[in-house]
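>>> What would the 3D arrangement of this be:
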Amino acid sequence: MSLGKSFLGWPVLRQLTGEDRTGRGPAAQSARSAGLLPRTKTADRVVDSVCPYCAVGCGQKVYVKDERVIQIEGDPASPVSRGRLCPKGSASEQLVNSPGRVTTVRYRRPFATDWEDLDLETATDMIADRVVETRARTWQDLDHKGQKVRRTLGFASLGGATLDNEENYLIKKLFTALGAVQIENQARI
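Numbering: from 1, shown residues only. This next block holds a predicted model:
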């Protein structure tokens, strides 16, 4: 590269000799940056979503290309967040694209040292069997004073803050119907 060619391409010279006197437009732009496009420009579609982290429910725009999430941004039309996301919400793209993301049901048998993969149906059946067995084994119709209680103290529910109101409502109804009395949520604590 000659000295003259590199000097003529100098941004300050373009700023002083061109129309971009403030140096905020083409004068400051390199050939490389002029050819760059935003990641969102190449998306096949944009899907409206809600941030999964806390119970606030910030709106998100999820940009998808070739059936893969390429970017997540705040939704300016959201009355909750008005286009803003906290650092966790901004990084939620990593939830789906992280190479360390577990996408299978993992199970470690009692006294085992290694985890094994289970199919979803097997895992769901194991959970249901254990809930039904625990409920039957720990069911109380009457307390020690002879009062009707119709409950079980054999299991409890502790929900996470990433659950939305509808999910929490259904979990509360399920565990109440099963007779559980210890039903709590991390978002309320």
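
>>> low-scoring pLDDT stretches of this structure, where are they?
Scanning the chain for pLDDT under 70 picks out 1-9, 161-162, 187-189.

>>> how about the strands of it, start to end?
Secondary structure of the chain (DSSP state E): strands located at 45-50, 59-65, 68-74, 105-107, 116-118, 139-142, 148-152, 157-159, 183-185.

>>> Quick one: residues in contact with the fifth one.
Taking contacts as Cβ atoms under 8 Å, 6 or more residues apart in numbering, the residues outside strand 116-118 that touch it are 104-109, 126. Any C-beta I mention is one placed from the backbone N, CA and C, and that applies to glycine too.

>>> Quick one: which of these is the most crowded by neighbours?
Val105 (15 neighbours; other Cβ atoms under 10 Å).

>>> Please parse the chain into its domains.
As given by automatic domain parsing, the domain ranges for the chain are 3-34, 39-97, 105-185.

>>> Pick the most buried one from those domains.
Of the domains of the chain, the one with the most neighbours on average (mean count of other Cβ atoms under 10 Å) is domain 39-97, at a mean of 15.

>>> and Val78, what does it touch?
One correction, residue 78 is Ser, not Val. Counted by Cβ under 8 Å, 6+ apart, Ser78 has contacts 58-59.

>>> Val56 versus that one, what's the distance?
10 Å (Cβ to Cβ, to the nearest Å).

>>> what's the single longest helix in the protein?
helix 120-138 (DSSP state H).

>>> follow-up on the earlier one: which of the strands of the chain sits closest to Gly23?
Gly23 sits nearest to strand 68-74 of all the strands of the chain, at 27.9 Å, using Cβ to Cβ.

>>> What angle do strand 45-50 and that closest one make with each other?
50 degrees (axes from the mean of the first three to the mean of the last three Cα atoms, to 10 degrees).

>>> elements contacting strand 68-74?
strand 59-65, helix 87-90, helix 93-97 (3 or more Cβ pairs under 8 Å, 6 or more residues apart in numbering; DSSP states H and E).

>>> so can I have JSON lines of these showing distance to Leu37?
What follows is these, written out as JSON lines (distance: least, Cβ to Cβ, whole Å):
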{"stretch": "strand 59-65", "distance to Leu37": "12"}
{"stretch": "helix 87-90", "distance to Leu37": "20"}
{"stretch": "helix 93-97", "distance to Leu37": "18"}
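
>>> same for the longest helix of the chain, what does it pack against?
Short answer (3+ Cβ pairs under 8 Å, 6+ apart): helix 120-138 packs on strand 105-107, strand 148-152.
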